[in-house]
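Colleague: Pasted the sequence and its predicted model underneath.
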Amino acid sequence: MEKPQASAPAPRKPRAARKPSNSDLAGCPLHDLRGKLDAVGLRPTKQRMRLGWLLFGRGDRHITAEKLFEEAQASGAQISLATVYNTLNQFTSAGLLREVTIDGARTYFDTNIDEHQHFLTEEAHLLVDLPKELIDFRALPEPPEGMEIARIDVVVRLRRKDAPPSN
């Protein structure tokens, strides 16, 4: 008795392209950024995506508008300093960034929006997170009637022991 001959497999039908689901894209930095912007009602424009990638793509950090502008220029982005300021202010208003102003003259934007305080190195003007567990607020003043404490900002200034005192 002869064995039946195996026939060649039928050609596969091409699958219809399927739009990736959110779970497929979880962990994709660009998708995560787009989701962040959508969640706070900001349109993911080209400029916001480019600046958001620079801001959030490296973990928690503190950055000035001028430094972000330099990074954007170095990456080849055609973005003005005014656009950088506007975007940082929009991200801050939307709750994606925390603004930290030092002496009313220097403003940092912090990607870590959790409650925490900061060290500031006087020489390098480097802002470093200080975990909230390291500062104990035992007695706060009573706020005026009709007001409540919204946030506490503490900046602990550091200098090398051998550095002359600053003014």
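Modeller: Structure's in. What do you need?
Colleague: Give me the domain ranges for this protein.
Modeller: Per the record, the chain has its domains at 26-112, 114-167, by automatic domain parsing.
Colleague: can you give me the mean pLDDT across the shortest one?
Modeller: When you say that, I think you mean domain 114-167. Average pLDDT, domain 114-167: 86.
Colleague: How far away from the center of its chain is it?
Modeller: In terms of C-alpha atoms, centre = their mean, to the nearest Å, the centre of domain 114-167 is set 20 Å apart from its chain centre.
Colleague: Same list (the domains of the chain) but as TSV, adding mean neighbour count.
Modeller: Where C-beta positions appear, they are placed from N, C-alpha and C, glycine not excepted. Shown next, in TSV, are the domains of the chain (neighbours: other C-beta atoms under 10 Å):
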stretch	mean neighbour count
domain 26-112	15
domain 114-167	10
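Colleague: give the contact list for residue 55.
Modeller: Neighbouring residues of residue 55 by C-beta atoms under 8 Å, 6 or more residues apart in numbering: 61, 63, 68, 91, 97, 109, 111.
Colleague: at 6 Å what do you get?
Modeller: With contacts defined as C-beta atoms under 6 Å, 6 or more residues apart in numbering, residue 55 is in contact with residue 111.
Colleague: could you say which helix or strand contains it?
Modeller: For residue 55, the host element (DSSP states H and E) is helix 46-56.
Colleague: Beyond that helix, next helix or strand please.
Modeller: Once the chain leaves helix 46-56, the next helix or strand it forms, by DSSP H and E, is strand 62-63.
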